[in-house]
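> Predicted model follows, preceded by the sequence.
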Amino acid sequence: MKFPPWTSVSEAARLLKAGEVVAIPTETVYGLAGNAFEPKALAKIFAAKERPTFDPLIVHIADIAQLTDIAREIPDSAYRLAEAYWPGPMTMILPKKECIPDLCTSGLDTVAVRFPNHPVAQQVIKESGLPLAAPSANLFKHVSPTTAEHVAAQLADRIAGIVDGGPCSVGVESSIISLAGSPTVLRPGAITPEMFAKVLGSVDVKESTSKPGQPMAAPGQCDTHYRPQVPLYFGEIPAGYKLPANTVRIAFGMQPGPIPATVNLSETGDMAEATANLYAFMHDLDKPENALILVDPIPNVGVGMALNDRLKRASVKGFGLSG
Ligand code: AMP
Ligand code: MG
């Protein structure tokens, strides 16, 4: 185990109040948390992740009432969504209050807010008494961590602590919906567009920017992201392409593939099980002895839309195996 050692909830709260950054578990992925009101703490988050400051952070709260500490002009729809899906894997974009530093929002006049459903995350937020800015606890563009060990492998010697809360139950980043303007889903996740529409009547879905050569439509929506070091390919293999000897395959369900399954996201085709497994499999197979990671097609429905979104960004874009 590299430095730092595992950290208790009360030690994490103390470090956060002192302006340090600490990794904490949430139900989506592990987050690298810091005081959302303190620019110096936010700067430490960007530095530890090597994240460019044009990519804004999500602020985590542990009570719906905390919303008014950080956001203004909160529409009734925000409260209806909060009632339905908080605590849970849903982030809302709202006009920000003055007290939220520009660094947190990359200079935007809006702030991203989430109330996570992990008891440890809630305890840390409550004990620190602070809203916590927390992007995924990984190096920029790398695979998000779904265990404390994943965090340690990437960030151990760069941060003040890691709270171990076991494996993440959801396993993919939160759904993001903008309520600054007409409701628009900016990032797919476990709360699906159908679930948003059930509460709001209707919702727009931002066209994915994961197609090569298209400009970013929202900050942080990079075309390449979630990348293992070993090339990962998600898509149809061109006829006649000879796979390298050390190719491994992440299967989904019982569909046939070009080589036998190395691991299976869900043998029964269960989407929630597949989501919870995906990043852990990507971490496990990201070893130098593997030449290529193939991933089976996954139905683009429900939370499968989130998996397709992340895998398109993780994938090399052609069989030249370059970015
Ligand atoms: P991460 O915490 O690493 O999953 O990334 C958070 C993502 O939330 C960013 O990359 C943005 O895509 C999105 N985000 C955060 N704040 C805003 C905002 N004010 N407006 C639009 N998107 C945002
Ligand atoms: Mg991230």
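All right, it came through fine. Ligands and ions are numbered 1, 2, ... in the order given.

> Helix, strand, or coil at residue 92?
Classification of residue 92 by DSSP: H, G, I helix; E, B strand; the rest coil places it in strand.

> give the contact list for it.
Contacts for residue 92 (CB atoms under 8 Å, 6 or more residues apart in numbering) come out as 78, 81, 82, 112, 113, 114, 176, 177, 178, 179. Just so you know, the C-beta spots here come from the backbone N, C-alpha and C atoms, and that holds for glycine as well.

> Distance check, it against residue 207.
Here residue 92 is placed at a distance of 20 Å from residue 207 (CB to CB, to the nearest Å).

> what's the burial count for the nearest residue to residue 204 once chain neighbours are set aside?
Distances taken as CB to CB, 6 or more residues apart in numbering put residue 184 closest to residue 204, at 4.3 Å, once the chain neighbours are dropped. Other residues near residue 184 come to 17 when the count uses other CB atoms under 10 Å.

> mind listing what residue 184 touches?
With the criterion set at CB under 8 Å, 6+ apart, residue 184 makes contact with 177, 178, 203, 204, 205, 206.

> can you check residue 132 too?
16, 24, 31, 33, 34, 35, 36, 59, 60, 124, 125.

> what pLDDT does it get?
Per-residue pLDDT puts residue 132 at 98.

> go on, the one 5 residues further on?
pLDDT, the model's per-residue confidence, is 98 for residue 137.

> follow-up on the earlier one: gap between the residue nearest to residue 204 and residue 42?
Residue 184 is 26 Å from residue 42, by CB to CB.

> quick one, phi psi at the residue nearest to residue 182 when sequence neighbours are not counted?
Distance criterion CB to CB, 6+ apart; nearest residue to residue 182, sequence neighbours excluded, is residue 204 at 6.3 Å. Dihedral pair for residue 204: phi -90, psi 150, per degrees, to the nearest 10.

> go on, residue 35?
phi -60, psi 120.

> can you tell me the distance between the two ends of stretch 186-197?
14 Å (CA to CA, to the nearest Å).

> If you could redo that for stretch 166-178, that was the one I meant.
30 Å.

> Next: stretch 77-91.
13 Å.

> list the buried ones in it?
Burial within stretch 77-91, assessed by neighbour count using 16 or more other CB atoms under 10 Å, is assigned to 77, 78, 81, 82, 85, 86, 87, 88, 89, 90, 91.

> average pLDDT for that stretch?
98.

> Look up the residues forming beta bridges with residue 184.
residue 178, residue 204 (DSSP bridges).

> on that earlier part again, inside helices: which ones of the buried residues of stretch 77-91?
Judged by DSSP state H, the buried residues of stretch 77-91 include 77, 78, 81, 82, 85 as members of helices.

> can you tell me how far the nearest residue to residue 307 once chain neighbours are set aside sits from ligand 1?
Nearest non-adjacent residue to residue 307, counting by CB to CB, 6+ apart: residue 298, 5.0 Å away. Between residue 298 and ligand 1 the computed distance is 20 Å (CB to the nearest ligand atom, to the nearest Å).

> how about the strands in this structure?
For the chain, strands defined by DSSP state E occupy the ranges 22-24, 31-35, 58-60, 90-95, 110-114, 132-133, 161-162, 175-178, 184-187, 204-205, 232-234, 247-251, 263-264, 292-295.

> Looking at the contacts of residue 132, which one is closest to residue 172?
residue 31 (13.5 Å; CB to CB).

> Roughly how far does the closest residue to that closest one other than its chain neighbours sit from residue 224?
Nearest non-adjacent residue to residue 31, counting by CB to CB, 6+ apart: residue 134, 3.2 Å away. Applying CB to CB, the value for residue 134 to residue 224 is 22 Å.
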